[in-house]
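Asks: the following block contains a protein sequence and its predicted model.
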Amino acid sequence: MLRFWRTTFAMSQEELALDTGVSPRHLSFLETGRSQPGRTMVLSLARVFELAPQDLNTLLVAAGFAADPDPVDLGQPALRWLHKSLDLHMRALDPWPAAVHDRYGTLHLVNRGWLAMHRALVSAAALQPPVNSYHLLFAENGLRPHLVEWEDVACRLLMTLQQEVLLSGDGGAEVLLAQLLEYPSIPEHWRRRGAEIAHQHSFRMQVRMPDGNPRSYLNTVNTVGATPYVGEPRLLLSMLTPEDLVADCSREALLDDATLSHPLLHY
(Lines give C-alpha, C1' and ligand atoms only; values in the text may rest on other atoms or scores of the structure.)
Protein backbone atom coordinates (compact mmCIF):
# COMPACT_ATOMS: atom_id res chain seq x y z
CA MET A 1 0.00 0.00 0.00
CA LEU A 2 2.83 2.39 0.82
CA ARG A 3 4.52 1.76 -2.51
CA PHE A 4 1.18 2.15 -4.28
CA TRP A 5 0.63 5.63 -2.84
CA ARG A 6 4.26 6.68 -3.27
CA THR A 7 4.27 5.75 -6.96
CA THR A 8 0.79 7.23 -7.43
CA PHE A 9 2.20 10.64 -6.53
CA ALA A 10 5.48 9.96 -8.37
CA MET A 11 7.63 10.35 -5.26
CA SER A 12 10.99 8.73 -4.71
CA GLN A 13 11.77 7.09 -1.38
CA GLU A 14 14.25 9.88 -0.69
CA GLU A 15 11.60 12.58 -1.29
CA LEU A 16 9.06 10.83 0.89
CA ALA A 17 11.65 10.25 3.62
CA LEU A 18 12.46 13.94 3.64
CA ASP A 19 8.80 14.93 3.91
CA THR A 20 8.12 12.49 6.77
CA GLY A 21 11.36 13.10 8.67
CA VAL A 22 12.68 9.53 8.58
CA SER A 23 15.67 7.99 6.85
CA PRO A 24 15.34 6.54 3.33
CA ARG A 25 16.57 3.23 4.77
CA HIS A 26 13.74 3.12 7.31
CA LEU A 27 11.21 4.02 4.63
CA SER A 28 12.56 1.26 2.42
CA PHE A 29 12.15 -1.24 5.28
CA LEU A 30 8.55 -0.08 5.77
CA GLU A 31 7.82 -0.49 2.08
CA THR A 32 9.26 -4.01 1.88
CA GLY A 33 7.65 -5.14 5.14
CA ARG A 34 10.93 -5.59 7.02
CA SER A 35 9.71 -3.00 9.55
CA GLN A 36 6.25 -2.22 10.85
CA PRO A 37 5.10 1.40 11.13
CA GLY A 38 3.62 2.91 14.24
CA ARG A 39 0.24 4.61 14.04
CA THR A 40 1.89 8.05 14.12
CA MET A 41 4.00 7.10 11.10
CA VAL A 42 0.92 6.01 9.15
CA LEU A 43 -0.80 9.31 9.92
CA SER A 44 2.34 11.19 8.86
CA LEU A 45 2.40 9.36 5.53
CA ALA A 46 -1.29 10.05 4.99
CA ARG A 47 -0.72 13.76 5.59
CA VAL A 48 2.08 13.84 3.02
CA PHE A 49 -0.14 12.10 0.46
CA GLU A 50 -3.15 14.22 1.53
CA LEU A 51 -5.29 11.10 1.63
CA ALA A 52 -9.05 11.27 1.91
CA PRO A 53 -10.49 9.79 5.15
CA GLN A 54 -11.51 6.54 3.41
CA ASP A 55 -8.00 6.04 1.98
CA LEU A 56 -6.42 6.91 5.33
CA ASN A 57 -8.50 4.23 7.05
CA THR A 58 -7.50 1.67 4.42
CA LEU A 59 -3.84 2.53 5.04
CA LEU A 60 -4.35 2.15 8.81
CA VAL A 61 -5.93 -1.28 8.31
CA ALA A 62 -3.07 -2.30 6.00
CA ALA A 63 -0.63 -1.42 8.81
CA GLY A 64 -2.58 -3.48 11.34
CA PHE A 65 -4.48 -0.68 13.09
CA ALA A 66 -8.18 -0.07 13.56
CA ALA A 67 -9.70 2.68 11.45
CA ASP A 68 -10.53 6.02 13.05
CA PRO A 69 -14.31 6.11 13.56
CA ASP A 70 -16.00 9.17 12.07
CA PRO A 71 -19.14 10.67 13.62
CA VAL A 72 -22.29 10.04 11.63
CA ASP A 73 -24.16 13.08 10.36
CA LEU A 74 -26.34 12.23 7.38
CA GLY A 75 -27.29 15.89 7.15
CA GLN A 76 -23.84 17.06 6.09
CA PRO A 77 -23.54 17.96 2.40
CA ALA A 78 -20.92 15.27 1.70
CA LEU A 79 -23.37 12.54 2.78
CA ARG A 80 -26.50 13.96 1.17
CA TRP A 81 -26.34 11.38 -1.62
CA LEU A 82 -26.09 8.58 0.96
CA HIS A 83 -29.07 9.92 2.90
CA LYS A 84 -31.19 9.95 -0.28
CA SER A 85 -30.07 6.46 -1.24
CA LEU A 86 -30.90 5.08 2.21
CA ASP A 87 -34.33 6.75 2.20
CA LEU A 88 -35.19 5.04 -1.08
CA HIS A 89 -33.84 1.71 0.17
CA MET A 90 -35.79 1.90 3.43
CA ARG A 91 -38.99 2.66 1.53
CA ALA A 92 -38.41 -0.33 -0.74
CA LEU A 93 -38.08 -2.64 2.30
CA ASP A 94 -41.57 -1.86 3.58
CA PRO A 95 -43.55 -3.58 5.04
CA TRP A 96 -40.65 -5.40 6.73
CA PRO A 97 -39.23 -3.40 9.67
CA ALA A 98 -35.83 -1.86 8.92
CA ALA A 99 -33.53 0.71 10.54
CA VAL A 100 -30.15 2.29 9.87
CA HIS A 101 -27.85 2.68 12.87
CA ASP A 102 -24.21 3.40 13.61
CA ARG A 103 -21.63 1.14 15.28
CA TYR A 104 -22.94 2.21 18.70
CA GLY A 105 -26.55 1.33 17.91
CA THR A 106 -27.80 4.92 17.57
CA LEU A 107 -30.65 4.96 15.04
CA HIS A 108 -30.41 7.42 12.16
CA LEU A 109 -33.25 6.26 9.88
CA VAL A 110 -36.27 3.98 10.24
CA ASN A 111 -38.89 2.85 7.75
CA ARG A 112 -42.64 2.71 8.14
CA GLY A 113 -42.60 -1.01 8.86
CA TRP A 114 -40.22 -0.47 11.78
CA LEU A 115 -42.31 2.34 13.23
CA ALA A 116 -45.60 0.46 12.87
CA MET A 117 -44.18 -2.60 14.66
CA HIS A 118 -42.43 -0.74 17.48
CA ARG A 119 -45.22 1.69 18.32
CA ALA A 120 -47.47 -1.34 18.86
CA LEU A 121 -45.00 -2.82 21.37
CA VAL A 122 -43.36 0.06 23.27
CA SER A 123 -44.41 3.47 24.52
CA ALA A 124 -44.02 6.62 22.46
CA ALA A 125 -41.58 7.94 25.07
CA ALA A 126 -39.22 5.00 24.46
CA LEU A 127 -39.13 5.87 20.76
CA GLN A 128 -38.16 9.51 21.16
CA PRO A 129 -34.73 10.33 19.68
CA PRO A 130 -32.03 9.61 20.38
CA VAL A 131 -33.04 5.94 20.07
CA ASN A 132 -30.41 3.29 20.63
CA SER A 133 -31.09 -0.20 19.29
CA TYR A 134 -29.05 -1.87 22.05
CA HIS A 135 -30.82 -0.03 24.87
CA LEU A 136 -34.18 -0.63 23.16
CA LEU A 137 -33.51 -4.38 23.36
CA PHE A 138 -32.19 -4.33 26.95
CA ALA A 139 -34.58 -1.89 28.67
CA GLU A 140 -37.71 -2.97 30.52
CA ASN A 141 -39.69 -0.23 28.78
CA GLY A 142 -38.32 -1.35 25.42
CA LEU A 143 -38.47 -4.64 23.54
CA ARG A 144 -37.04 -6.78 26.32
CA PRO A 145 -40.40 -7.94 27.78
CA HIS A 146 -41.56 -8.91 24.28
CA LEU A 147 -38.56 -11.05 23.32
CA VAL A 148 -38.72 -14.82 23.73
CA GLU A 149 -35.48 -16.06 25.35
CA TRP A 150 -34.25 -12.52 25.84
CA GLU A 151 -31.16 -13.71 27.71
CA ASP A 152 -29.82 -15.51 24.63
CA VAL A 153 -30.27 -12.40 22.49
CA ALA A 154 -28.55 -10.26 25.14
CA CYS A 155 -25.60 -12.64 25.58
CA ARG A 156 -24.93 -12.82 21.86
CA LEU A 157 -25.08 -9.04 21.44
CA LEU A 158 -22.80 -8.53 24.44
CA MET A 159 -20.29 -10.99 23.00
CA THR A 160 -20.24 -9.21 19.65
CA LEU A 161 -19.76 -5.83 21.31
CA GLN A 162 -17.07 -7.14 23.66
CA GLN A 163 -15.03 -8.48 20.76
CA GLU A 164 -15.29 -5.13 18.96
CA VAL A 165 -13.93 -3.39 22.07
CA LEU A 166 -11.00 -5.81 22.26
CA LEU A 167 -10.30 -5.64 18.54
CA SER A 168 -10.52 -1.88 18.04
CA GLY A 169 -9.99 -0.35 21.46
CA ASP A 170 -12.98 1.86 20.62
CA GLY A 171 -13.80 3.98 23.68
CA GLY A 172 -17.38 4.56 22.58
CA ALA A 173 -18.05 0.84 22.27
CA GLU A 174 -16.44 0.27 25.68
CA VAL A 175 -18.77 2.82 27.32
CA LEU A 176 -21.80 1.22 25.63
CA LEU A 177 -20.77 -2.25 26.81
CA ALA A 178 -20.44 -1.03 30.40
CA GLN A 179 -23.91 0.55 30.22
CA LEU A 180 -25.51 -2.64 28.92
CA LEU A 181 -23.88 -4.74 31.65
CA GLU A 182 -25.59 -2.52 34.25
CA TYR A 183 -29.03 -3.76 33.20
CA PRO A 184 -30.65 -6.20 35.68
CA SER A 185 -30.77 -9.94 35.05
CA ILE A 186 -27.71 -10.14 32.77
CA PRO A 187 -26.71 -13.82 33.04
CA GLU A 188 -23.65 -14.25 35.28
CA HIS A 189 -21.78 -16.31 32.68
CA TRP A 190 -22.90 -14.26 29.69
CA ARG A 191 -19.63 -14.70 27.83
CA ARG A 192 -19.74 -18.50 27.97
CA ARG A 193 -23.45 -18.54 27.10
CA GLY A 194 -22.93 -16.10 24.24
CA ALA A 195 -20.03 -18.14 22.87
CA GLU A 196 -22.21 -21.25 22.71
CA ILE A 197 -24.95 -19.54 20.65
CA ALA A 198 -24.50 -19.81 16.92
CA HIS A 199 -24.32 -16.31 15.46
CA GLN A 200 -24.43 -15.77 11.75
CA HIS A 201 -25.23 -13.05 9.25
CA SER A 202 -28.91 -13.63 10.09
CA PHE A 203 -30.25 -14.86 13.40
CA ARG A 204 -33.70 -15.83 14.61
CA MET A 205 -35.52 -13.56 17.04
CA GLN A 206 -38.97 -14.32 18.43
CA VAL A 207 -41.19 -11.40 19.38
CA ARG A 208 -44.43 -11.60 21.34
CA MET A 209 -46.90 -9.49 19.42
CA PRO A 210 -49.69 -7.39 21.04
CA ASP A 211 -52.10 -10.34 20.76
CA GLY A 212 -49.73 -12.41 22.91
CA ASN A 213 -48.64 -14.75 20.14
CA PRO A 214 -44.95 -14.99 19.29
CA ARG A 215 -43.77 -14.25 15.77
CA SER A 216 -40.43 -15.50 14.52
CA TYR A 217 -38.25 -13.06 12.60
CA LEU A 218 -34.92 -13.32 10.86
CA ASN A 219 -32.80 -10.36 11.95
CA THR A 220 -30.40 -9.57 9.11
CA VAL A 221 -27.65 -6.98 9.56
CA ASN A 222 -25.82 -5.53 6.56
CA THR A 223 -23.00 -3.01 6.42
CA VAL A 224 -23.89 -0.03 4.25
CA GLY A 225 -21.42 0.23 1.37
CA ALA A 226 -19.65 -2.26 -0.88
CA THR A 227 -16.03 -1.59 0.02
CA PRO A 228 -14.03 -4.74 0.86
CA TYR A 229 -11.81 -2.79 3.26
CA VAL A 230 -13.38 -0.40 5.71
CA GLY A 231 -16.02 2.27 5.43
CA GLU A 232 -16.33 5.33 7.64
CA PRO A 233 -18.65 6.45 8.93
CA ARG A 234 -19.73 2.84 9.42
CA LEU A 235 -23.46 2.37 9.11
CA LEU A 236 -25.44 -0.81 9.57
CA LEU A 237 -28.85 -1.69 8.16
CA SER A 238 -30.95 -4.08 10.24
CA MET A 239 -34.06 -5.72 8.83
CA LEU A 240 -36.62 -8.02 10.45
CA THR A 241 -38.21 -10.47 8.02
CA PRO A 242 -41.04 -12.66 9.38
CA GLU A 243 -40.27 -16.31 8.71
CA ASP A 244 -43.87 -16.94 7.69
CA LEU A 245 -43.65 -13.96 5.27
CA VAL A 246 -47.02 -12.74 6.52
CA ALA A 247 -47.14 -8.97 6.94
CA ASP A 248 -49.35 -7.26 9.50
CA CYS A 249 -50.42 -4.85 6.79
CA SER A 250 -49.71 -4.15 3.16
CA ARG A 251 -47.03 -1.82 1.89
CA GLU A 252 -49.69 0.43 0.41
CA ALA A 253 -51.49 0.68 3.77
CA LEU A 254 -48.24 1.73 5.46
CA LEU A 255 -47.54 4.41 2.86
CA ASP A 256 -51.08 5.76 3.22
CA ASP A 257 -51.06 5.80 7.04
CA ALA A 258 -50.82 9.48 7.97
CA THR A 259 -50.42 8.62 11.68
CA LEU A 260 -46.98 7.11 11.07
CA SER A 261 -44.82 10.06 11.95
CA HIS A 262 -41.36 10.11 13.54
CA PRO A 263 -38.25 12.34 13.36
CA LEU A 264 -36.27 9.41 11.93
CA LEU A 265 -38.88 8.59 9.27
CA HIS A 266 -38.17 10.75 6.23
CA TYR A 267 -40.76 9.71 3.65
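Replies: Received it, and whenever you're ready, just let me know what you need.
Asks: could you measure from residue 235 over to residue 102?
Replies: Distance, residue 235 to residue 102, using C-beta to C-beta, to the nearest Å: 6 Å. Backbone N, C-alpha and C define where each C-beta goes, glycine included.
Asks: nope, residue 243 is what I was after
Replies: In terms of C-beta to C-beta, residue 243 sits 28 Å off from residue 102.
Asks: neighbour-wise, which of the two wins?
Replies: Neighbour count, other C-beta atoms under 10 Å: between residue 243 and residue 102, residue 102 has more, with 19 against 11.
Asks: tell me how far the closest residue to the more buried one other than its chain neighbours lies from residue 189.
Replies: Closest residue in space to residue 102, ignoring its immediate chain neighbours: residue 72 at 4.7 Å, by C-beta to C-beta, 6 or more residues apart in numbering. Remark: distance between residue 72 and residue 189 (C-beta to C-beta) = 34 Å.
Asks: the more surrounded of these two?
Replies: In terms of neighbours (other C-beta under 10 Å), residue 72 is the more surrounded of residue 72 and residue 189; the figures are 20 against 10.
Asks: from residue 104, how far out is that one?
Replies: For residue 72, the distance to residue 104 (C-beta to C-beta) stands at 9 Å.
Asks: swap in residue 88?
Replies: Counting by C-beta to C-beta, the gap from residue 88 to residue 104 is 25 Å.
Asks: the two: which is more packed in?
Replies: When residue 88 and residue 104 are compared for neighbours, residue 104 comes out ahead with 18 against 10, by other C-beta under 10 Å.
Asks: quick one: that one and residue 179 touch, right?
Replies: No - with contacts counted by C-beta atoms under 8 Å, residue 104 stays clear of residue 179, the gap being 10.3 Å.
Asks: how about the strands in the stretch 151-267 of the chain?
Replies: 202-208, 214-223, 235-242 (DSSP state E, counting those that start in this stretch).
Asks: run through the stretch 101-250 of the chain and note the low-pLDDT ranges.
Replies: 198-201, 225-233, 247-248 (pLDDT under 70).
Asks: for the protein, longest helix please?
Replies: The single longest helix within the chain, with elements called by DSSP state H, is helix 150-168.
Asks: tell me who's in contact with the residue nearest to residue 102.
Replies: 102, 106, 108, 233, 235 (C-beta atoms under 8 Å, 6 or more residues apart in numbering).
Asks: redo those as a markdown table? Include distance to residue 168.
Replies: As requested, the contacts of residue 72 are exported to a markdown table (distance: C-beta to C-beta, whole Å):
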| residue | distance to residue 168 |
| --- | --- |
| 102 | 14 |
| 106 | 17 |
| 108 | 20 |
| 233 | 14 |
| 235 | 16 |
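Asks: out of these, flag the one nearest to residue 121.
Replies: Set against residue 121, the nearest of the contacts of residue 72 by C-beta to C-beta is residue 106 (19.8 Å).
Asks: so that closest one touches residue 134, yeah?
Replies: No - checked against C-beta under 8 Å, the pair residue 106 and residue 134 is beyond contact range at 9.1 Å.
Asks: where does residue 82 fall, phi/psi-wise?
Replies: For residue 82, the backbone dihedrals (degrees, to the nearest 10) come out as phi -70, psi -40.
Asks: pLDDT at it, what is it?
Replies: Residue 82 is assigned a predicted lDDT (pLDDT) of 82.
Asks: got the contact list for the residue nearest to it when sequence neighbours are not counted?
Replies: Nearest non-adjacent residue to residue 82, counting by C-beta to C-beta, 6+ apart: residue 74, 6.6 Å away. Listed by C-beta under 8 Å, 6+ apart, the contact partners of residue 74 are 82, 83, 86, 108, 109.
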